[in-house]
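K.L.:
Got a predicted structure here, sequence first:
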Amino acid sequence: AVPISAAAAYLFVRAFETASSERVSRRFVAVALFLLPSINFWSIFLGKDVWIFFFLALVTFSFAKMLEGNRRRDVVGLGIGLIAIFVLRPHVGMTISAAVALVLVVRPLRLSGAAAYLRPVYRMCALAVVATAFVMLSGKILSTIGVKALTLEALADRAWAAQVGFSTTEGGSSLPVVLQSGDPLAVTLFIPFGVTTLLFRPFLWEAHNAVALISAVENLFLLGLVLWRWRSLVAAVAAARRQPFMLFVLVSFTITSILLSFDWNLGTTQRHRTMVLPYLL
């Protein structure tokens, strides 16, 4: 499985090269993706985690290149990657597809002359089609994981049930339940804490064995990096308004992180966060 993980890291680095010409940043991303313990530890297991990591990289790279030139092979790579993600983890496929669709709708249009006046009409029609398709597809996908209706109450109740379910798993890495009900307001207020847990826990004082200690040291490094480079994060968010690829990264990271933040088990979060760490970097 290690070659698969290495190939995925390479594709993520190549995708990042389309958005940044800074050699220092490109070198840092490359080193981080190839050396971060949480990514490389799970790459030794030939299971869902390494394959989802690879296909996320394939989608990211193919979409980045497609935004540059819309070549047929990039479209094919994007399609193959999305289909594979839907098969492996349908809910993650839903979030990544949403990011792709949003970027395709709002990216700058190459129209000139009289055709330029059609931009608002095109965007409204495209947004309506994408929104309709997304709602229909989301309803089918969510029904497979127990969401009976595409409503805020049903989604919040499923998020609460997921946290309770993960917190009861064995292995010494379970967490006490924070959500006491599926109240939409409570679930919404939980999200910042849940995303913080996904990205930065276990903390040093929560490490109970050697593996947890390695994770805690890595998390401390990531937290320090975010605090040190907070201006770069703000700049990246601002750049998303004019750079379609950065918008894709931002949406993929945000929605997927929220979705995974209810996987309330430190062992599970360490595996699942490999799906968002490349976008954070």
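P.N.:
The structure has been received and is ready for your questions. Numbers count the residues shown, from 1 in each chain.

K.L.:
what about Leu281, neighbour count?
P.N.:
Other residues lying near Leu281 total 20 when counted by other Cβ atoms under 10 Å. (Glycine included, C-beta is placed from N, CA and C.)

K.L.:
So it sits against Val29, correct?
P.N.:
Yes - the pair Leu281 and Val29 passes the contact test of Cβ atoms under 8 Å, sitting 5.2 Å apart.

K.L.:
Now Leu58: closest residue in space, sequence neighbours ignored.
P.N.:
Residue nearest to Leu58 in three dimensions, not counting chain neighbours: Gly81, with 3.9 Å by Cβ to Cβ, 6 or more residues apart in numbering.

K.L.:
Need the pLDDT of that neighbour.
P.N.:
According to the prediction, Gly81 has pLDDT 92.

K.L.:
mind listing what it touches?
P.N.:
By Cβ atoms under 8 Å, 6 or more residues apart in numbering, the contact set of Gly81 is Phe55, Leu56, Leu58, Val59, Ser62.

K.L.:
Could you single out the nearest of those to Val103?
P.N.:
The nearest member of these to Val103, counting by Cβ to Cβ, is Val59 at 12.0 Å.

K.L.:
Which element, helix or strand, includes that closest one?
P.N.:
Here Val59 sits within helix 48-69, counting by DSSP states H and E.

K.L.:
continuing past that helix, what's the next helix or strand?
P.N.:
Toward the C-terminus from helix 48-69 - assigned by DSSP H and E - lies helix 72-88.

K.L.:
now the helix holding Val59, how far from the centre of its chain.
P.N.:
Going by Cα atoms, centre = their mean, to the nearest Å, the spacing between the C-alpha centre of helix 48-69 and its chain's C-alpha centre is 12 Å.

K.L.:
Quick check: buried residues in that helix?
P.N.:
49-67 (16 or more other Cβ atoms under 10 Å).

K.L.:
Next, show the common contact partners of Leu281 and Val29.
P.N.:
Taking Cβ under 8 Å, 6+ apart as the criterion, Leu281 and Val29 both touch Phe16.

K.L.:
Could you tell me which ranges of the stretch 151-281 of the chain sit under the pLDDT cut-off?
P.N.:
Under the criterion of pLDDT under 70, the regions of the stretch 151-281 of the chain flagged as low confidence span 167-172.

K.L.:
Return the distance of the nearest residue to Ala186 once chain neighbours are set aside relative to Ile255.
P.N.:
Using Cβ to Cβ, 6+ apart and skipping residues adjacent in sequence, the residue nearest Ala186 is Leu179, 6.0 Å away. In this view, Leu179 and Ile255 are 19 Å apart by Cβ to Cβ, to the nearest Å.

K.L.:
more crowded one of these two?
P.N.:
For Leu179 versus Ile255, neighbours defined as other Cβ under 10 Å are more numerous around Leu179 (21 against 18).

K.L.:
wait, isn't the more buried one in contact with Leu189?
P.N.:
No - assessed by Cβ under 8 Å, Leu179 is found out of contact with Leu189, at 9.6 Å.

K.L.:
where does Ser62 land on pLDDT?
P.N.:
With respect to pLDDT, Ser62 scores 92.

K.L.:
Which residues are in contact with it?
P.N.:
Shown in contact with Ser62 (Cβ under 8 Å, 6+ apart): Asp74, Val75, Val76, Gly77, Leu78, Gly81.

K.L.:
Confirm that the residue nearest to Ala186 sits in a helix.
P.N.:
No - counting by DSSP: H, G, I helix; E, B strand; the rest coil, Leu179 is not found in a helix; it is coil.

K.L.:
Give me the phi and psi angles of it.
P.N.:
The phi/psi pair for Leu179 (degrees, to the nearest 10) reads phi -80, psi 130.

K.L.:
Equivalent analysis for Asn265, please.
P.N.:
Note on Asn265: backbone dihedrals following degrees, to the nearest 10 are phi -160, psi 130.

K.L.:
secondary structure element for the residue lying closest to it once chain neighbours are set aside?
P.N.:
Excluding the flanking residues, the one nearest Asn265 by Cβ to Cβ, 6+ apart is Phe166, at 4.5 Å. Under the assignment given by DSSP H and E, the secondary-structure element containing Phe166 is helix 152-167.

K.L.:
got the buried residues for that helix?
P.N.:
For helix 152-167, the buried set under the neighbour-count rule, 16+ other Cβ under 10 Å, comprises Ala154, Leu155, Ala156, Asp157, Arg158, Ala159, Trp160, Ala161, Ala162, Gln163, Phe166, Ser167.
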